[in-house]
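Trainee: I would like the atomic coordinates for the input below:
(chains A and B)
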2 protein chains.
Amino acid sequence: MSEAIEKGQKAREISIALSAKTTEEKNRALLSIAWALLEDQGEIIAENKKDLERGDRAGLPENILDRMMLNEKRIKDMSEAIRLLAGLNDPIGETVEEIEKENGLKIVKKKVPLGVIGMIYEARPNVTADAATLAIKTGNAVILRGSSSSICSNQALVRTIHRALAESGFPEEAVQLIEDTSREAAKDLFHLHDYLDVLIPRGGKNLIDTVVRESSVPVIETGAGNCHLYIDETAQPEMAIRIAVNAKIQRPSVCNAIETILVHENWFAQNGKALLSALAEHGVEIYGDGKVTETWPDAKKATEEDWYCEYLALKISMKTVKNTDEAVQHINRYGTKHSEAIVTEDKEQAARFMAMVDAACVYHNASTRFTDGFEFGYGAEIGISTQKLHARGPMGLDALTSTKYWIYGSGQIRE
Amino acid sequence: MSEAIEKGQKAREISIALSAKTTEEKNRALLSIAWALLEDQGEIIAENKKDLERGDRAGLPENILDRMMLNEKRIKDMSEAIRLLAGLNDPIGETVEEIEKENGLKIVKKKVPLGVIGMIYEARPNVTADAATLAIKTGNAVILRGSSSSICSNQALVRTIHRALAESGFPEEAVQLIEDTSREAAKDLFHLHDYLDVLIPRGGKNLIDTVVRESSVPVIETGAGNCHLYIDETAQPEMAIRIAVNAKIQRPSVCNAIETILVHENWFAQNGKALLSALAEHGVEIYGDGKVTETWPDAKKATEEDWYCEYLALKISMKTVKNTDEAVQHINRYGTKHSEAIVTEDKEQAARFMAMVDAACVYHNASTRFTDGFEFGYGAEIGISTQKLHARGPMGLDALTSTKYWIYGSGQIRE
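Mentor: Numbers count the residues shown, from 1 in each chain, chains lettered A, B, ... in the order given. Reported below is the predicted structural model:
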């Protein structure tokens, strides 16, 4: 039996008991984990060092190594986030709908856990703690499958989580780590249809595409963000430039950073140089269409590939357009349905843009960087959905619930 | 270019315009279809005859031919259902959530269409009209792929729908039929990830399993119903027998009919014979465990396969159990998470059963036959979801919507 099947069976078995855990039991488990992480930080950091040294020898890029790194500050933040999670409202058991039928049937639709959640993710040990604790809060079992590059960190974190769960009398099988980090072991999860209710990939485009293509378990697509900013004819120059710079450079490696700026040609004629100069000042490389390269000789010529590209770096593509409709067409063709913004003083253009752009989040006069479960006030985030089923945009605790109908009768049959 | 890609592109293009249609425009299109179906019924029935004759020659079973059949009464019912659909509340544009942030950002989450829906279904021409009109009501484009056995009926229905749409000034591309009924053409839909937002299979277990296994488009699993009735120790005999007979025989071919009865051994000792005799009186064949075959010599011995079997016929399997927990274990092992019922006078046992059984609908003292969008008062139904993502149980109009966040700012950037 593969490790995935064995752990899948255990998760499925325990999921019924987990769905009946009280809010108090779940919060006690969370606080126990928050505390245990601080107690075990020495060991966790030591195990994390092994991953970092191995990664360094293997030549992993600096930004990946930075994302993998755990230090006292980061573990303290992790622990604090779990304490805050314990304080959030528990969605499980909430009544969504109540129907009374003429024949006396009473139908009550309530929120229940999804059951068993599979997480597949790359070099981000923080996802281990996030996914485990969000699952506990929502009464789900979770099967974690991180990348080989972070295996020592993930094992250390899960050992601590297990100890904390045992100490608070919560079933350890609620959180299981797949220790086999081969590609085959990941693929086993794609077909665990009998044991997993959902599979959530967190990571780069290749990982997500593979999971979407191959998994027969329902998937929530997350995170790919080829986001755009459209600067309309009537945009205030100062505001447009401030938003463009913020959305590109505040944290270029994340999915809600922008990758392309579309600019109304009249605005560009007036303010293009100021925009380009502000970006260049922050070290952003420009890939532009003809008008852009004419105006800014340092800019490289953008190719078709640039319009599709999620740089996740201090690079941006820029294109001039005739009007809002051309901007919308470009976005609906090349975008990934994540976050799209318009800067304009014209409310009609804003409304048109926001209605016609097909994306989880559409912004008027604000930076796309706000697409985030914490910024939206959800207090937690398991990922950002770029698909339209089940959950769209930042996914908080509700995204980890399903519903169930309780129907109460007194002998009713259907005539 | 395959037919699926060509139609997928058209659907994706038109979907933006459809999402902006007003409730009035959509309802006008629906009423136009309701009327046109009555006008064209002669031609539709003539085309349907061709399918029936071909099916008869090919030796299709009587119940399939009956499901394929369209007559004046059925077309009138179809037309009437569409008129009622026009009267239902339009979910598109409804505000789900409003968030005001301290920095002045206003976040509004509203319901939007899913975009493009793919339907794959078997010999049920009524699905053609249902899916087309539910899609129109919710501002979605739909691509229909019925079976070869009903192709003439489906073509006739879609011709009528197109004429009615044209007459009411609604884009015909909202409803498209894949005319190539080969298996390959169906499989093309499984990989239309760029153009379809969801694929909904309606039909037998094989069809649904194939779609779930092979599709990279998000799927909503529908319909497989291996439903159970558990008769607990304290069940009122008359009520238990009435519900058992209703849930089995009122319409055996549908997914919310029961396939297995689990009986508390003490209740069985008292009332087993009466239950078996009531079922036998209605022509139900019994497949039972040792106690059942001892009590009822006509019963055949149930095998492991019987516990998995969705008979969809006047057959039932029956098993005696020691208590509620054994019944729950059986259901969670063999069930398809559709509809499960307990009959008991003991509220504690009912609560325990309903909490621990993992199914879309759990019933206390009522027949499973009520799991249905119309019975629940939704006024429409696109199918019954047996998965936990997006929608669970009977799916009304809301199941064909997604959400989108509109974020209004005044120049906010993320610090």
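
Trainee: and the residue of the stretch 251-400 of chain A that's closest to chain B?
Mentor: residue A:366 (2.8 Å; Cβ to the nearest Cβ). Heads up, the C-betas are built off the backbone N, CA and C, glycines and all.

Trainee: number of nearby residues for that residue?
Mentor: For residue A:366, the neighbour count with other Cβ atoms under 10 Å in any protein chain shown is 28.

Trainee: tell me how many other residues crowd the closest residue to residue A:21 other than its chain neighbours.
Mentor: If the residues on either side of it in the chain are set aside, residue A:21 comes closest to residue A:139, at 5.7 Å by Cβ to Cβ, 6 or more residues apart in numbering or on different chains. Neighbours of residue A:139 under the rule other Cβ under 10 Å: 28.

Trainee: can you pull the contacts of the residue of the stretch 251-400 of chain A closest to chain B?
Mentor: A:243, A:341, B:105, B:407, B:408, B:409, B:410, B:411, B:412, B:413 (Cβ atoms under 8 Å, 6 or more residues apart in numbering or on different chains).

Trainee: neighbour-wise, give me the winner out of those residues.
Mentor: Result: residue A:341 is most packed of the contacts of residue A:366 (other Cβ under 10 Å), 31 neighbours.

Trainee: adjacent strands (with direction) for the host helix or strand of that residue?
Mentor: Using DSSP states H and E, residue A:341 maps to strand A:339-343. Note on strand A:339-343: by DSSP bridges, its sheet partners are strand A:227-231 (parallel), strand A:361-366 (parallel).

Trainee: thinking again about what came up before, verify the stated contact: the residue nearest to residue A:21 with residue A:116.
Mentor: No - contact criterion Cβ atoms under 8 Å: residue A:139 and residue A:116 do not qualify, at 11.1 Å.

Trainee: kindly list the longest strand within chain A.
Mentor: strand A:401-412 (DSSP state E).

Trainee: can I get that one in CSV? Just the C-alpha atoms.
Mentor: Output in CSV follows, covering the C-alpha atoms of strand A:401-412 (Å, rounded to 0.1, in the frame of the first residue of the first chain):
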residue,chain,number,x,y,z
THR,A,401,-16.2,24.2,4.6
SER,A,402,-18.9,22.5,2.7
THR,A,403,-22.6,22.2,3.6
LYS,A,404,-25.0,19.4,4.5
TYR,A,405,-28.8,19.3,4.6
TRP,A,406,-30.4,18.0,7.8
ILE,A,407,-34.0,17.0,7.1
TYR,A,408,-36.5,16.4,9.9
GLY,A,409,-39.8,14.6,9.3
SER,A,410,-42.5,12.8,11.0
GLY,A,411,-43.0,10.0,8.6
GLN,A,412,-43.3,12.0,5.3
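
Trainee: is it anywhere near chain B?
Mentor: Yes - using Cβ under 8 Å from any Cβ of the partner chain, strand A:401-412 reaches chain B at A:402, A:403, A:404, A:405, A:406, A:407, A:408, A:409, A:410, A:411, A:412.

Trainee: where does the nearest residue to residue A:40 once chain neighbours are set aside sit, in terms of helix or strand?
Mentor: Nearest non-adjacent residue to residue A:40, counting by Cβ to Cβ, 6+ apart: residue A:160, 4.4 Å away. Assigned by DSSP H and E, residue A:160 belongs to helix A:151-167.

Trainee: so for that helix, what's the average pLDDT?
Mentor: Mean pLDDT, computed over helix A:151-167, is 98.
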